Structures are given as C-alpha cells and as structure tokens.
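Visitor: quick one, structure for this:
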Amino acid sequence: MVQTKEIKATYSVGGNEITLTPTTVATYLTRGNGKVTEQDVMLFISLCKFNKLNPFLNEAYLVKYGTQPAQMITSKEAYFKRAEENANFKGIRSGIIIGRQGQKDQPWQVLEVEGCFQAPGDVLLGGWAEVYRSDRDYPVVAKVNLNEYDKQQSVWNEKKSTMIAKIAKVQALREAFPTQLGAMYTAEEVAEYSEVEATQVDATSQTQATSAMEKAKQAMAKSVAEKAESVEEIPQEATATAEPEAVKVESKDGNKMKAN
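Guide: Purely as a prediction, here's the structure:
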C-alpha cells in the first residue's frame, strides 16, 4: 500500500516557525464535541497562514459542535497584536453605553461611559469603541447592542460590561484594519460559542500552549520514525529468510560439531 505524504503548511510568526498539518489541527487545535471535516481543517490552516496566526498560543482555534458548521475563533489579543503592527495605529478608546435616570425633573439619559464601571441604578445597554489611525481624519466608531450578544450564560451574567465592551473593541479594530483582521471573529461574536470553551481558553497558560506544540512535534517525529522503521524492516526480513540452517557434522574423533 502506497502511503501518501500528509499535507502541511509552514510559515513564520514573530520569528517562530509554525507548521500545521490536518492531524495536528484535528488533534490539538479543535474544541467541541463535533467532528471536523477535511474541508474545515484545510480552511483553518489556510486562514492561519494567510493571517499569520499562531494557534499554539491560542491566537486561533477551531470550534465544532454536533452537526453545526465549524467556526474559526480568533483571540482578542491577536487583534491588538496586528493593530499594533500597523504603523498607522494611534490607539483605541472604549466603554459601555448605559441608561441613567436623571435627578428630580431631569429626563432619562443615555450615556457613553469610558471603561466598564456602572454606578448603582445604571442600566447596561451596549458597548462602544473608537479606533484612531494617523492616516484618517476621523476615528472608526463601533457601537453594539447588548441584546444582540448577551447569551444569558454565567460568563455574561457575571461580566456583561466587560464582554460587551470587548465586542465593541474587536468590531472597531476589524473595521479600522480590514486587510489584517478581515474574516476573523472572536468567541464572543459567535452564537454557537460555549462558555465552557471560553473558560478553557482563558485558563490556558503559555506553558500549556508550549506543551501542545511539543506534543504536536512529538507526534510528527513518531510518524516519521515509524515510516523509517517500516522501510528498514524489509532487508532484515530478507536476510533472515536467506540465512542457512545449522548443519551437524561429525569430526574424526566421533564428536559432533555444529556448523553454521
């Protein structure tokens, strides 16, 4: 049986050489209870290479649940890294949109507050962000509605302000830098995203990421070694077959000797 060579993609990110194969992606870089297809894996590899993402540092990973389409998730940190690599990036401002009852006869107010702090009585309505570029006269502005993204999960119930502000940030960054960030979405923006996966990703440290990379390297090295061993076994078997059996001969003094 002829063994075909596994397809792989090799590229450089931050001075580190990244090698991705379908086996590595399916084994180490996919989350969820669904089975990814070959098309899902190849698309993920292509997007990682094109966008210069390092999935071993959780900058990107695949999520697949049941029969739902696979989703490529990108981390918020990857967004900021690519924005900072652009010479025109001048910074970002962000916060939350709240509703606040005015004092006495003052009407209900809708305010854009910088940061994620809410005073008692404030009603969270959404998030906002402004991205500044040196080559544009006006900032890129994103405003998002809480009702469109609140998944009523524990992460959102505990950190609504932080989560909605994060979505506003990544949307503003994507609009400001479409070449670097186009077709990339964070976990908070994907409807099928599971909060269990969010906890796992946030808890993954640099050491765990390095461990995943080492496991991938070991798996590839093992595969190469097995192929090399299978090739070496052929002449050994042939030699064993051709080896003559021991022959007994009788010496002049009547003692039996064994000759090879």
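Visitor: Ile7: which element?
Guide: Secondary structure from DSSP states H and E places Ile7 outside every helix and strand.
Visitor: list the contacts of it.
Guide: 21-22, 42 (CB atoms under 8 Å, 6 or more residues apart in numbering). To be clear about C-beta, it is placed using only N, CA and C from the backbone, and glycine gets the same treatment.
Visitor: got TSV for the residues you listed, with secondary structure, pLDDT and distance to Ile164 too?
Guide: Listed next are those as TSV, based on DSSP: H, G, I helix; E, B strand; the rest coil; pLDDT from 0 to 100; distance: CB to CB, whole Å:
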residue	secondary structure	pLDDT	distance to Ile164
Thr21	coil	94	38
Pro22	helix	93	36
Met42	helix	94	34
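Visitor: I'd like those residues laid out as a markdown table, including distance to Arg31 and neighbour count.
Guide: Output for the contacts of Ile7, formatted as a markdown table (distance: CB to CB, whole Å; neighbours: other CB atoms under 10 Å):
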| residue | distance to Arg31 | neighbour count |
| --- | --- | --- |
| Thr21 | 18 | 19 |
| Pro22 | 16 | 18 |
| Met42 | 18 | 15 |
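Visitor: let me know the closest of these to Arg82.
Guide: Closest approach between the contacts of Ile7 and Arg82, by CB to CB: Met42, at 22.7 Å.
Visitor: identify the residue spatially nearest to that closest one, adjacent ones excluded.
Guide: Pro22 (7.1 Å; CB to CB, 6 or more residues apart in numbering).
Visitor: any idea how far the one you found lies from Lys64?
Guide: 14 Å (CB to CB, to the nearest Å).
Visitor: shared neighbours, these two?
Guide: Here Pro22 and Lys64 have no joint contacts, going by CB under 8 Å, 6+ apart.
Visitor: and the residue lying closest to Lys8 once chain neighbours are set aside, its phi and psi?
Guide: Leaving aside its sequence neighbours, Lys8 sits nearest to Thr21 (CB to CB, 6+ apart; 4.4 Å). Per-residue torsions, Thr21: phi -130, psi 160 (degrees, to the nearest 10).
Visitor: so Thr21 makes contact with Glu6?
Guide: Yes - with contact defined as CB atoms under 8 Å, Thr21 counts as touching Glu6 (5.3 Å).
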